[in-house]
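The following block contains a protein sequence and its predicted model.
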Amino acid sequence: MKYVVMVSHGTLAPGLHSVLKMLGGKDREDVLSASMEDGMGADDFVLRFNETIAGVKDEDEIILLADIIGGSPLTNALDVLSQRGMLRKTMAFGGMNLPMALTASMMKDTLDEKGLEELLLTESRNAVQKMVLALDEDESEI
């Protein structure tokens with residue numbers, strides 16, 4: 001199985017997980033999340049992450065999405081995956097956002113690794129844009 005595993009500081013990863021459940025219409029066993037909450041140390045996060053991925057088997061693949069490159073959730077998750085010998089079966093991304101997570105969960109089984117990588121990066125980059133607001137003349141004077 002190919003898993004989408006989201007990690008973050010605070011509640012970003014569980015929040016995105018909740019939205020994916022809402023948009024996907026069901027609780028999918030192939031989407032997992034773990035977060036490092038305020039006051040939680042790295043050891044506690046490692047325990048939480050290990051519990052989160054307990055059902056992942058050695059032959060499975062992981063798309064690891066994290067809030068920021070170099071952050072404790074990502075580096076500790078990668079350490080755990082390294083200890084389990086799973087880095088060769090892991091694609092890791094930082095800068096996770098909803099379009100990236102949604103695309104990963106919906107397209108992970110239909111594209112090869114390179115195609116999925118390109119799509120995830122394109123979708124996440126395209127999602128970050130400045131909105132141009134069309135204001136009525138009266139609104140611009142407020």
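Received, thanks.

What about the nearest residue to Asp38 once chain neighbours are set aside, how many residues nearby?
Closest residue in space to Asp38, ignoring its immediate chain neighbours: Gly10 at 6.9 Å, by Cβ to Cβ, 6 or more residues apart in numbering. Every residue, glycine included, has its C-beta placed from N, CA and C. By other Cβ atoms under 10 Å, the residues close to Gly10 number 13.

in the protein, which spans are helices?
Remark: helices assigned in the chain by DSSP state H are 12-24, 42-52, 72-83, 98-107, 113-127.

What residues of the first one count as buried?
Just to be clear, that refers to helix 12-24. Buried residues in helix 12-24, counted by 16 or more other Cβ atoms under 10 Å: Leu12, Ala13, Leu16, His17, Leu20.

With the shortest one instead?
Along helix 98-107, these residues count as buried under the neighbour rule (16+ other Cβ under 10 Å): Pro99, Met100, Ala101, Leu102, Thr103, Ala104, Ser105.

ditto for the second one
Across helix 42-52, burial judged by 16+ other Cβ under 10 Å covers Phe45, Val46, Arg48, Phe49, Thr52.

Do I have it right that the last one meets Val4?
Right, the one you point to is Thr52. No. If you go by Cβ atoms under 8 Å, Thr52 and Val4 don't touch, sitting 11.9 Å apart.

can you list residues touching both of the two?
Shared contacts of Thr52 and Val4, defined by Cβ atoms under 8 Å, 6 or more residues apart in numbering, comprise Leu32.

quick one on the thing from earlier: can you list the helices of the chain in TSV and add mean pLDDT and distance to Ile62?
TSV is the format used below for the helices of the chain (pLDDT from 0 to 100; distance: least, Cβ to Cβ, whole Å):
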stretch	mean pLDDT	distance to Ile62
helix 12-24	93	14
helix 42-52	97	11
helix 72-83	97	7
helix 98-107	95	11
helix 113-127	95	12
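
Tell me which of those sits nearest to Leu65.
Closest to Leu65 of these is helix 98-107 (Cβ to Cβ; 5.9 Å).

what's that closest one in contact with?
4, 6, 16, 19-20, 23-24, 28, 30-31, 63, 65, 93, 116, 119-120, 123-124, 126-127.

What subset of the residues you listed is buried?
Here, 16+ other Cβ under 10 Å leaves 4, 6, 16, 20, 31, 63, 65, 93, 116, 119-120, 123-124 buried among the contacts of helix 98-107.
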